[in-house]
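# sequence-free structure coming up:
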């Protein structure tokens, strides 16, 4: 058992502190999230559960869309399509790779900054979808990414001088 744990530990980032391990963990979770966006729409549709155009749906006589248009989605009030889910998954995978590199190269200022920017972009994306575009609402599906992005931003900001010398 001890040899298994030491083998696993040898693959973890070797820098001191928890931030590199956090970046690795979030990377792994995000890679899993990327894979699921290719397999199903259901989880992505939970985050983007609001379709602003359906808040005031047109009257039946005004509708030009076929009645089956909404049923093509996994969630009838979601704006998520197979293409948007895969695009989101690819975007998440790119961010995961940057964070993965940062976990193992955390003392490199350029890589640290790139990882930091991935959280800035993620935070800006989710907040704009909530506050500006109205495609999501506050709840557990949105809280997760917002809390991870904001806490990682604060943590990385505070730890810059510790890791980047």
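Perfect, thanks for sending it. From a predicted model like this one, the values you see are computed outputs, not experimental measurements.
# drop to CA atoms for contacts and neighbour counts, all remaining ones
Noted.
# so where is this structure shaky, pLDDT-wise?
50-77 (pLDDT under 70).
# Run through the helices of it in chain order.
Along the chain, the stretches classed as helices by DSSP state H are 2-11, 19-39, 42-47, 52-55, 82-104, 109-131, 140-163.
# export these to CSV and tack on mean neighbour count?
Formatted as CSV, the helices of the chain follow (neighbours: other C-alpha atoms under 10 Å):
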stretch, mean neighbour count
helix 2-11, 10
helix 19-39, 19
helix 42-47, 21
helix 52-55, 12
helix 82-104, 20
helix 109-131, 17
helix 140-163, 15
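# Near residue 16, how many other residues are there?
10 (other C-alpha atoms under 10 Å).
# Kindly report the same for residue 132.
For residue 132, the neighbour count with other C-alpha under 10 Å is 11.
# residues touching residue 106, list them.
Residue 106 sits next to 15, 20, 112, 163, 164 when contact means C-alpha atoms under 8 Å, 6 or more residues apart in numbering.
# Mind doing that once more with 10 Å?
13-15, 19-20, 23, 99-100, 112-113, 115, 160, 162-164 (C-alpha atoms under 10 Å, 6 or more residues apart in numbering).
# now swap in residue 100 and tell me
By C-alpha under 10 Å, 6+ apart, the contact set of residue 100 is 13, 20-28, 94, 106, 111, 115.
# quick one: residue 16 and residue 163 touch, right?
Yes - Residue 16 lies in contact with residue 163 (C-alpha atoms under 10 Å); the separation is 8.8 Å.
# wait, which of the contacts of residue 106 is closest to residue 134?
Each of these was scored against residue 134 by C-alpha to C-alpha, and residue 115 proved nearest at 27.0 Å.
# measure that closest one to residue 101 for me?
8 Å (C-alpha to C-alpha, to the nearest Å).
# so what's in contact with the two at the same time?
When contacts are counted by C-alpha under 10 Å, 6+ apart, residue 115 and residue 101 have residue 23 as shared neighbours.
# Contact partners for residue 110?
If a contact means C-alpha under 10 Å, 6+ apart, then residue 110 has 102, 116, 164 as its contacts.
# quick one: which of the residues you listed is nearest residue 44?
Out of the contacts of residue 110, the member with the shortest distance to residue 44 (by C-alpha to C-alpha) is residue 116, at 23.5 Å.
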